[in-house]
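In: Have a look; sequence and predicted model below, questions after that.
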2 protein chains.
Amino acid sequence: MNDLLDYIKNSISISDEFQDMLRAITVEKNVVKGEIILSEDSTKKEHVFVISGCLRSFYKADNGKEHTLQFAIKNWWISDYITLYTADRSVMSIESLSHSKILVIGKDNLDKIYKEYPQFEAFQRKNFERRISTLQKRILSLLTLTAAEKYDRFVNDYPVFEKVIPNYQIASYLGITPESLSRIRKERATS
Amino acid sequence: MNDLLDYIKNSISISDEFQDMLRAITVEKNVVKGEIILSEDSTKKEHVFVISGCLRSFYKADNGKEHTLQFAIKNWWISDYITLYTADRSVMSIESLSHSKILVIGKDNLDKIYKEYPQFEAFQRKNFERRISTLQKRILSLLTLTAAEKYDRFVNDYPVFEKVIPNYQIASYLGITPESLSRIRKERATS
DNA sequence: CGCGACGTTGATTTGCCTCAACGATTGTGG
DNA sequence: CCACAATCGTTGAGGCAAATCAACGTCGCG
C-alpha cells in the first residue's frame, strides 16, 4: 500500500485524507505464479497496481491461442480498459507470472477518488497520455516492423522483461510464433 | 469553435470564463484536400480537433511507405501523442483527406486549461480511458486477425470511413497492401 | 525417476507481399 | 473539347517471410 502512495507522492503532494481514502478502497493481495487475478467472462471491473513481481494481461482467441496485451512490473498499472470502458463482460484475463504482490481497486471506488481529489485526476490524465503514446508506438511497430525487428525493439525497450519472461509469452506479445522467435534469437546469438 | 464548446457541453457544464479562455487559445483553420497540418520533423506540439471533413495521421517509414495511425472526423481529436509526450521531434504527420475545418490548440495552452478547470481535466481523463480501450482493441486486432478479418472488423466498426477514405489508405491502416485489400473486397462482393 | 513445460530444429506449407501490367476515373493545359 | 498525365483500383504471376506441423533435447519439480 505504501508503495502506491510513494509512487503517487513522487509526482504530486497528497493529503492525509486522501491517503486514508485510498487505503480504505485498496485490497492488497499476494498471488503465486500462474494465478489468475482477473479471468475472462468475469463482470468485475477492477484496476490492478503492481507492488512486486510480474503480471501479464492476455486475450484468448477462439482457436485457444493466447495473445499478450501487456506485461507489468513494480509500479505499473495493469487493467483491462476494454472491459472497464466498453464491454460488460471481460474478454481479457490477467495472470501472475511470478510470486507477486498487488493492489486491487474497484472501478467505482477509483472513480470516487477522481471526484474528490482533482490533483489525482490530473496525475492520472498525464499518465494516460503517456500510455496512449506507448500504445500508438506499439501499433506502429506492429504495422511497420518484421518479426526480427519487433524483437530487437522489444529487447531494447524492455531489457528487464527479456530476462524474466518466457520466450513463448514474448512471442505472443510480439505477434509471432515461439518457433520464429527461437530462430531469431539463434541468429542474434551468433552475430 | 462553437462546435468544440457544444462537444464539451454535451458532457460537462462550463463557465463563461472557461469559454473565453478556450476561445483565446484555439485557432480555427480551413484546410484543403491533401494539405499537411503537422509534418514530421516539426517541433510544434499541437492538438487538433476536427469540426468538419476528414483527417489522418500517419508515419512514413524509411522505405517511403506510409502507415496510417488514425483517421478522424467531426468531433474527434487527432493528435500525435508520441511527439507530444515522448519525442522532441515529430515522427508523424497529419494530413487532411478532404476540405476540412479544424481547431488547432498548442499543448502548453491546453495544459493551462487543464490546470484552471478541473472539470475539463476529468472530462478528458475519461476520454483518454476510452481512447486507451480503443487502442488496445486495435492491438488485439493486429495480433489476432487475418487480413480479411481485419477488413471486416474495420467495415463493421467504422462504416462511415469505409465510404469516404480511399482503399489504399484503409490498407495502410490495417497493415496490409492495397492489392490484398482489393482481392478481399472482390471476394466479399461475390458472396 | 518420470512427467510436463519450454525451447529448439528441420521440413513443408501458406498467406500475403512484390512486381508488373492494365483499365477507369479525374483533372489539366493547349 | 480533347489529348495527356496522374491517381487509384484491379488482376495475374511468382516469391518470400513466417506459420504450421512434427520431433526431439533439456530442465525443473512433484
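Out: Right, received. Where do you want to start? Numbers count the residues shown, from 1 in each chain, chains lettered A, B, ... in the order given.

In: Give me the residue at the spatial middle of chain A.
Out: In chain A, the C-alpha nearest the mean C-alpha coordinate belongs to residue A:78, at 3.2 Å (Cα atoms, centre = their mean).

In: how about that one, what does it touch?
Out: By Cβ atoms under 8 Å, 6 or more residues apart in numbering or on different chains, residue A:78 lies in contact with A:48-50, A:55-57, A:70, A:72, A:94. The C-beta positions use only the backbone N, C-alpha and C, and glycine is treated the same way.

In: interface residues of chain A facing chain B?
Out: A:59, A:61, A:65, A:67, A:69, A:80-82, A:84-86, A:114-115, A:118, A:121-122, A:124-125, A:128-140, A:142-144, A:172, A:175 (Cβ under 8 Å from any Cβ of the partner chain).

In: May I ask which of the contacts of residue A:78 has the most neighbours?
Out: residue A:94 (25 neighbours; other Cβ atoms under 10 Å in any protein chain shown).

In: How much space separates that one from DNA strand D?
Out: 23 Å (Cβ to the nearest atom of the strand, to the nearest Å).

In: Do whichever helix in chain A runs longest and DNA strand C come into contact?
Out: In chain A, assigned by DSSP state H, the helix with the most residues is helix A:118-144. No - with Cβ under 7 Å from any atom of the strand as the criterion, DNA strand C is not reached by helix A:118-144; the gap is at least 9.8 Å.

In: If you count contacts, what does that helix end up packed against?
Out: helix A:107-116, helix A:147-157, strand B:55-60, strand B:66-72, helix B:81-85, helix B:107-116, helix B:118-144 (3 or more Cβ pairs under 8 Å, 6 or more residues apart in numbering or on different chains; DSSP states H and E).

In: and if we set it to 6 Å?
Out: helix B:81-85, helix B:118-144 (3 or more Cβ pairs under 6 Å, 6 or more residues apart in numbering or on different chains; DSSP states H and E).

In: which ones are touching residue A:1?
Out: residue A:28 (Cβ atoms under 6 Å, 6 or more residues apart in numbering or on different chains).

In: Please tell me how far it sits from residue A:107.
Out: From residue A:1 over to residue A:107 the distance is 19 Å, taken as Cβ to Cβ, to the nearest Å.

In: for residue A:63, same thing?
Out: Distance from residue A:63 to residue A:107, by Cβ to Cβ: 30 Å.

In: related to what we said a few turns ago, want to throw the contacts of residue A:78 into a markdown table with pLDDT?
Out: Formatted as a markdown table, the contacts of residue A:78 follow (pLDDT from 0 to 100):
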| residue | pLDDT |
| --- | --- |
| A:48 | 97 |
| A:49 | 97 |
| A:50 | 97 |
| A:55 | 97 |
| A:56 | 97 |
| A:57 | 97 |
| A:70 | 97 |
| A:72 | 97 |
| A:94 | 96 |
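
In: Max pairwise distance over those: which two?
Out: Farthest-apart pair in the contacts of residue A:78 is A:49 and A:56; separation 15.0 Å (Cβ to Cβ).

In: on that earlier part again, dump the helices and strands packed on helix A:118-144 to JSON lines, plus mean neighbour count and distance to DNA strand D.
Out: Shown next, in JSON lines, are those (neighbours: other Cβ atoms under 10 Å in any protein chain shown; distance: least, Cβ to the nearest atom of the strand, whole Å):
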{"stretch": "helix B:81-85", "mean neighbour count": "21", "distance to DNA strand D": "23"}
{"stretch": "helix B:118-144", "mean neighbour count": "19", "distance to DNA strand D": "10"}
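
In: Which one of these has the poorest average confidence?
Out: Between the helices and strands packed on helix A:118-144, the lowest average pLDDT goes to helix B:81-85, which shows a mean of 91.

In: Now tell me what touches it from outside.
Out: So helix B:81-85 is contacted by A:129-130, A:132-133, A:136-137, B:45, B:90, B:107 (Cβ under 6 Å, 6+ apart).

In: Could you rerun that using 10 Å?
Out: Here helix B:81-85 makes contact (Cβ atoms under 10 Å, 6 or more residues apart in numbering or on different chains) with A:126, A:128-137, A:140, B:38, B:40, B:42-47, B:57, B:59, B:69, B:79, B:87, B:89-92, B:107, B:110, B:128, B:131, B:135.

In: residues in contact with residue A:115?
Out: Counted by Cβ under 10 Å, 6+ apart, residue A:115 has contacts A:121, B:122.

In: thinking again about what came up before, report the separation between the residue nearest to the centre of chain A and DNA strand C.
Out: Distance from residue A:78 to DNA strand C, by Cβ to the nearest atom of the strand: 19 Å.

In: what does residue A:91 give?
Out: 21 Å.

In: Quick check, that residue in contact with residue A:67.
Out: No - using Cβ atoms under 10 Å, residue A:91 makes no contact with residue A:67, being 11.0 Å away.
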